[in-house]
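S.K.: Give me a model of this one.
(one chain, ligands or ions: 1)
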Amino acid sequence: MSGPAIRVDQLGKTYLVPEREGGLRAAVTALFRRRTRAVDAVRGISFGIEAGEVVGFLGPNGAGKTTTLKMLSGLLHPSAGAAEVFGYTPWQRDRNYLGRMTLIMGQRSQLQWDIPVVDSYRLNKAIFQISDADFAARLGELTELLELSELLRKPARNLSLGERMKCEFAGSLLHRPQVLFLDEPTIGLDVAMQRRIRSFVAEYNARTGACVILTSHYMADVEALCKRVIVIHHGELLFDGPLTELVRAFAPDKTITVELVAGAIATQAEVLALAGQRLPGVAVQPTETGWQVRLPSDHTAAVAGRLLAGLEVADLTIEEEPIEAVIEKVFAVEAGGHDQAGAHDQSGGRR
Ligand SMILES: Nc1ncnc2c1ncn2[C@@H]1O[C@H](COP(=O)(O)OP(=O)(O)OP(=O)(O)O)[C@@H](O)[C@H]1O
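M.R.: Okay, here's the model as predicted:
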C-alpha cells in the first residue's frame, strides 16, 4: 500500500463572521465600517487514515468536526494546511474525486423533496454517469440491505426521518464511493434505526473496503464501528488512537460490586484488606446488599479473586465507566487554554 488514503497536514479554517451591535445606528454605521470577527474553527490538525479504516471523529459542539469534513469533501477551502484523499486535493473538486467520495449529513437532505426517491437516484445516476447495469445491480443490493422497496416510489417529504436516512444512504452510495464522510448520520433516529444504520455502515465497509470518517454524539455508534478515534476540541487535535487506549487513559478505574449472601456480614476493614489497603486509589463503600470497590483497572482480576475467596459472595459484577462519561472527561481537558470557539477581533476594516 502506498501511504494513507487520507492525509491531512496542518489543516486550518478561519471563518470571518460579520459582527455588529443591534439598532438602527449600528446598522447605518455598518454600511461604512464593517466589523468582522475571526473564528478559528480548525487550527492546524494533522492525521492519516488508511483505506478500509473506520474512524470516529469526536468533539463537543463547535469543536470543528463538520468544518473538517466539509474541507475533506471539497465544500470548503481551508485557510491553512493541506489535505489529500486518494491523491486528490478535495477543494479542487476534481470530477474523479467527487466520484470516489460521499458526504452524508444527518441534518441535511440530499434527496429532492417533491419527487419519488427513485427519481432522485436517477438524477445521481446521470451525475455520476453510472451505467444502466451497475445502477440496477447496486440499487437492487441497497434496496435489499436497507429494505427500501416500499419507500422508493414515495417523495422524500413523505418519509419518516429514519426512512429518509436509509434512502439518503442508498442514494449517496449508488456511485460506490471509496470514502464516506458521515456527519451525525443517526441523529434523531430511534435506537432500532440507529442500530440498522450502524450495521449497514459496517456491512458497506466490509463489502467494499471503503474508509469511513464518522462524527456522532451517540457513543454506541462509535463503539460499534470505530476501533480508532480522533478527538478534537476548540479546533485542535487532542487524541488520535485506539478507542480502548482513550478509555484506559481517561477511565483508569473499574468498580466491583459484591452482593453478599443473605445474613452474611463483612466489615469495611475486612473488604478493604481484601481489596488491598496499600493499593493507591482504592475506595470502598457499602451498598444495600454488600460492598462496592472502586480500583485501578489493572488490579481488577486479582482483587475480584480475593473478594470471591474471602467473602460469602452471592453475586459479583465488574463495571467500566460508561463511554459517554469517558468522552466527557476528555472534553473537559483544557485544549491549550483557548477561548471558547477561538474567536478574535478583526475590527475596523473599511469596505
Ligand atoms: N459558516 C460559518 N461561518 C462562521 N462560523 C462558523 C461557520 N460554520 C461553523 N462556524 C463556527 O466554527 C466552529 C466549528 O463549527 P463546526 O460546525 O465545524 O463544529 P462541530 O464540531 O461540527 O459542532 P457540532 O457538533 O455542534 O456540529 C464553531 O464555533 C462554529 O460556530
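S.K.: Look up phi and psi at the nearest residue to Leu189 once chain neighbours are set aside.
M.R.: Excluding the flanking residues, the one nearest Leu189 by CB to CB, 6 or more residues apart in numbering is Gly162, at 5.1 Å. Every C-beta, even on glycine, is put in place using the N, C-alpha and C of the backbone. In terms of degrees, to the nearest 10, the main-chain angles of Gly162 are phi -70, psi -40.
S.K.: Does Ala170 touch Glu141 like I think?
M.R.: No. Ala170 lies out of contact with Glu141 (CB atoms under 8 Å); the separation is 9.3 Å.
S.K.: ok, now which ones touch Ile327?
M.R.: When contacts are counted by CB atoms under 8 Å, 6 or more residues apart in numbering, Ile327 is found next to Leu58, Met219, Val231.
S.K.: beta partners of the last one?
M.R.: If I follow you right, that is Val231. Counting by DSSP bridges, Val231 is bridged to Leu58, Phe239.
S.K.: Dump stretch 179-193 to PDB, restricted to CA.
M.R.: Listed next in PDB are the C-alpha coordinates belonging to stretch 179-193 (Å, rounded to 0.1, in the frame of the first residue of the first chain):
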ATOM      1  CA  VAL A 179     -14.500   7.200   1.200                       C
ATOM      2  CA  LEU A 180     -17.600   8.100   3.300                       C
ATOM      3  CA  PHE A 181     -17.800  11.200   5.400                       C
ATOM      4  CA  LEU A 182     -20.700  10.700   7.800                       C
ATOM      5  CA  ASP A 183     -21.700  13.700   9.800                       C
ATOM      6  CA  GLU A 184     -24.200  12.700  12.600                       C
ATOM      7  CA  PRO A 185     -25.900  10.100  10.300                       C
ATOM      8  CA  THR A 186     -28.000   8.700  13.200                       C
ATOM      9  CA  ILE A 187     -29.100  12.000  14.700                       C
ATOM     10  CA  GLY A 188     -32.700  12.000  15.900                       C
ATOM     11  CA  LEU A 189     -33.300   8.300  15.000                       C
ATOM     12  CA  ASP A 190     -34.800   5.800  17.400                       C
ATOM     13  CA  VAL A 191     -32.500   3.200  18.900                       C
ATOM     14  CA  ALA A 192     -33.600   0.400  16.500                       C
ATOM     15  CA  MET A 193     -33.000   2.600  13.400                       C
END
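S.K.: quick one, domains of this protein?
M.R.: The chain resolves into domains spanning 6-247, 252-320 when parsed by the TED database.
S.K.: rewinding a little: okay, Ala170 and Glu141: which has more neighbours?
M.R.: For Ala170 against Glu141, the residue with the higher neighbour count under other CB atoms under 10 Å is Ala170, and the figures read 26 against 13.
S.K.: how near is that one to Glu163?
M.R.: For Ala170, the distance to Glu163 (CB to CB, to the nearest Å) stands at 11 Å.
S.K.: before we move on, what about Phe169?
M.R.: Shown here: Phe169 relative to Glu163, a distance of 11 Å by CB to CB.
S.K.: more crowded one of those two?
M.R.: Phe169 (23 against 19).
S.K.: Backbone dihedrals for that one, please?
M.R.: For Phe169, the backbone dihedrals (degrees, to the nearest 10) come out as phi -60, psi -50.
S.K.: which ones are touching it?
M.R.: Going by CB under 8 Å, 6+ apart, the list of residues near Phe169 reads Ile104, Leu142, Leu146, Pro185, Ile197, Phe200.
S.K.: let's see it at 7 Å
M.R.: By CB atoms under 7 Å, 6 or more residues apart in numbering, the contact set of Phe169 is Ile104, Leu146, Ile197, Phe200.
S.K.: Does the first one touch Ser172 like I think?
M.R.: Yes. Here Ile104 lies in contact with Ser172, judged by CB atoms under 7 Å, at a distance of 5.0 Å.
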